[in-house]
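Colleague: Starting from these lines, generate the structure:
(chains A and B, ligands or ions: 2)
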Amino acid sequence: MSTNKSNTTNDTMKKIKDRISEVNWSYHWDRIKDKGGYIVFVLTFIFIKQIPYLPIIGNLIQDAQNRNIIPNIETLNSLFIHMVILLIFIVSWDLLSGYSGQVSFGHGFFLGLGSYFTVYYINGLTVNGRALFDGKSENFINIGFTTIDLNVFTAILVGATVSAIISILIGLITLRLKGTYFALITLILPLIALNLAKNLWEEYTGGDLGLQTRRLVKQEDKELSQIVWEEYYFYLIIMFISIGIMFWIAKSRFGLALQSIREDELAAKASGINVRLYKLFAMGVSAFFAGIAGGLMVQSVGSPIGVVNVGAFETQTSFTPVIYTILGGIGTISGPIMGTIILTIAIYYLALGLIQYPMIELRAIAIILILILRFQPRGLIKADKQLKNGLYIGIFMAILISFVEELVNLPQLLATWFDDEGIFGLDILNIKGRLIFYFFINTIIGYFAPDFIRWARLKTWGVWPSLPDFDPPK
Amino acid sequence: MIKMSIEELDDELELEEKERVISDTPILRIIDLTKKFGELIAVNKATFDVYQGEILGIIGPNGSGKTTLFNMISGVLKPEEGEILTKKNENIVGKSTTKIVKKHKIARTFQIVRPFKLLQALDNVTIPHIPKGLQSPKTLKTRSLTSLLEVDMGEKKNYPAAILPHGDLKRLDFARALATDAEVLLLDEPYSGLSVEDSFRITQLIKNANQEKGVTIMIVEHKLKLLANLVDRIVVLNQGKIIAIGTPEEISKNQVVIESYLGKEASSIVSS
Ligand SMILES: Nc1ncnc2c1ncn2[C@@H]1O[C@H](COP(=O)(O)OP(=O)(O)OP(=O)(O)O)[C@@H](O)[C@H]1O
Ligand SMILES: [Mg+2]
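Modeller: Ligands and ions are numbered 1, 2, ... in the order given. I've put the predicted structure just below:
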């Protein structure tokens, strides 16, 4: 009897163990799929230099580069450096405006503060002949893949801290202001700064020409093509840390408290949330990371020296995060990331494809923004599935067609159909112009095709042969 | 047999009701509280005590200053005159809403529900747990889930508040106020716009909070019938002035109250 009993217990134990060791793959797959966007984002940014040398995809990419469909490796580098710095800036705006609801139209002010104080810390600042603080000498350290100037790195942190402190001081004044009034104050800040920097304090800011300083990554001993990649990877690390911290804040209880203030300030107070403290916290953190972006911006001009000028205080800089975030999806972290990536790429293609009308890409962006606000106010990240599918089809088909267009003489055909003016200013003779053209046509087709197919099927042979994922009528 | 057991049950229920302890020490003393909006005197020298553990009803016609009274106690509005003393004899007039909730443990709900619309139901009740000092994410989640389960909303924890029906929002509001660990709860018209079933649930929640957690509760309400069986005392406001304080029965028989505005409704309380 006893052996029998122990046998049964053993059996049950084994069954339980089997159950436990059974991995629920579909569950894990769902989780990976949920985070798919982030994974692709991180991998692309890390391996962008190696992607053309990957097996299979690499050949395709190189082919595309040869056909000018995607930019060559140097352009990719400068594009990605630009994108990495912009990402920090734009996510920092979203943390303040999207999460805590204090919409700032003057975030360029904090960017500019970060830039200038970074430079002051490196170069030293002399006011009225008296040195407020001395410049810092070079202090190189090797951090594995590159050699950086530790003092420049400290300078970036100092600039960001100054930016945060000033933002908290401004926050103390504007604490009682709500919504529109807060936005108006922030709108004025960079304008005042611009005026002061250009006129009254020109000797300290360098005016339009700006100030020059050293770079973060050691410039000597190496070829430029290698240095730019070292710089890119160092900025990338800073970006991952910065966005990681902001992501953590947004997802943690602090982010929740900030959101509650955005949703209903009085109810948040009645729930015991210290609204003043959280608002100042949001301003400080946001300005800190905007300052970091500012410090890096000094380095991104593509020359061996760092340059800062009053450009950060221009209105355009302050509106950049507003536009990029609204396009991607306000009040999320993935929204501004997506918006930044899409718009940076879009501006690159539009600038080259609409070459007949210089600077028209900004107007094209404005039109896109109006359409988004009208039809997808929650941004692309939470857009309709139909629109998303349309965009995916548009991108995929545009690339596909640009690969095979030569076979059917499409460029020549298009050139004869449309005269030199092109279509809406699109340069049809240029591959970039044709890409945009293909993209638009295919997005429209991709958007309406499912509806059309459903309609045609119902008109011709009813619901037969099948009813795959039936959508209830709207 | 069956009849017996029902009677026994009745007895037990009554016993439970009798077990409530209402102490003689006031948890809140309101003295000469006055609020003016320009010419209009919304609350005029209101003076009354709230005793620890009691359920106090506040009634009055529209615009008689009930919400204004709550706004002053919870620190949303600052009175022109008067004092609000807590148990420890501290005057809370002029203190911020946050401080009144966190330090003095007086929480409130709103006449028109104010949920955090884009946040999920669970996050809505997580907010009041956040400012309670250091706690691990796990504790925070347990606490907020408990708060949500207390009001029977467990299955809707992931719904954004914007899509919840009115009855759920009322309970969510209640849960949010209770989650602050309040000792005094100000409920502004908790029954407004609720079905019979939802009203019953709210009554149960109020009784539960009062009996099991010992929360002192002040209720502003129009439906006198609901109050009559629930509250210990009633304060009657008319045009900002307190015209009577007493048990529901006393109030329903009070000639001043009947004459000034109750009319027929008062007699319905007596008959019920
Ligand atoms: N913020 C304000 N500014 C000006 N007047 C106000 C304000 N709040 C309330 N009042 C006025 O004060 C008076 C009392 O208002 P209160 O909201 O306290 O009444 P109530 O008893 O809650 O009424 P109800 O039963 O309709 O909720 C009303 O006449 C109202 O118009
Ligand atoms: Mg009211």
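
Colleague: Convert the C-alpha atoms of the least confident helix or strand in chain A by mean pLDDT to CSV, please.
Modeller: Every helix and strand of chain A was ranked by mean pLDDT, DSSP states H and E. The lowest is helix A:2-21, at a mean of 72. The C-alpha trace of helix A:2-21 is given here as CSV (Å, rounded to 0.1, in the frame of the first residue of the first chain):
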residue,chain,number,x,y,z
SER,A,2,2.6,2.5,1.1
THR,A,3,4.7,2.1,-2.1
ASN,A,4,1.5,2.5,-4.2
LYS,A,5,0.7,5.7,-2.4
SER,A,6,4.2,7.2,-2.8
ASN,A,7,4.0,6.3,-6.5
THR,A,8,0.9,8.3,-6.9
THR,A,9,2.4,11.3,-5.1
ASN,A,10,5.4,11.0,-7.3
ASP,A,11,3.2,11.0,-10.3
THR,A,12,1.3,14.1,-9.2
MET,A,13,4.6,15.8,-8.3
LYS,A,14,5.9,15.0,-11.8
LYS,A,15,2.7,16.3,-13.4
ILE,A,16,3.0,19.5,-11.4
LYS,A,17,6.6,19.9,-12.3
ASP,A,18,5.8,19.4,-16.0
ARG,A,19,3.1,22.0,-15.8
ILE,A,20,5.5,24.4,-14.2
SER,A,21,8.3,23.8,-16.7
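
Colleague: After that helix, which helix or strand is next? Please name it.
Modeller: Later in the chain than helix A:2-21, the nearest helix or strand by DSSP states H and E is helix A:25-34.

Colleague: so after that following helix, what's the next helix or strand?
Modeller: If you walk from helix A:25-34 toward the C-terminus, the next helix or strand you reach (DSSP H and E) is helix A:36-47.

Colleague: How far does that following helix sit from its chain's centre?
Modeller: On the basis of C-alpha atoms, centre = their mean, to the nearest Å, the separation between the geometric centre of helix A:36-47 and that of its chain is 13 Å.

Colleague: okay, the angle between it and helix A:25-34?
Modeller: Helix A:36-47 runs at 60 degrees relative to helix A:25-34, counting by axes from the mean of the first three to the mean of the last three C-alpha atoms, to 10 degrees.

Colleague: what packs against helix A:36-47?
Modeller: helix A:224-251, helix A:334-353 (3 or more C-beta pairs under 8 Å, 6 or more residues apart in numbering or on different chains; DSSP states H and E). Any C-beta I mention is one placed from the backbone N, CA and C, and that applies to glycine too.

Colleague: looking at the ones you listed, which is buried most?
Modeller: By mean neighbour count, with neighbours taken as mean count of other C-beta atoms under 10 Å in any protein chain shown, helix A:334-353 ranks first of these at a mean of 21.

Colleague: Next, the angle helix A:334-353 makes with the very next helix or strand once past that helix.
Modeller: Using DSSP H and E, the helix or strand that follows helix A:334-353 in sequence is helix A:360-375. Computed with the same axes, to 10 degrees, the direction of helix A:360-375 lies at 140 degrees from that of helix A:334-353.

Colleague: Contacts for helix A:360-375 next, please.
Modeller: Defining contact as C-beta atoms under 8 Å, 6 or more residues apart in numbering or on different chains, one finds that helix A:360-375 is touched by A:323, A:326-327, A:343, A:346-347, A:350-351, A:354, A:379-380, A:387, A:425.

Colleague: Go again with 6 Å.
Modeller: In this structure, residues lying in contact with helix A:360-375 by C-beta atoms under 6 Å, 6 or more residues apart in numbering or on different chains are A:323, A:327, A:347, A:350-351, A:354.

Colleague: can you give me the offset of that helix from its chain's centre?
Modeller: 17 Å.
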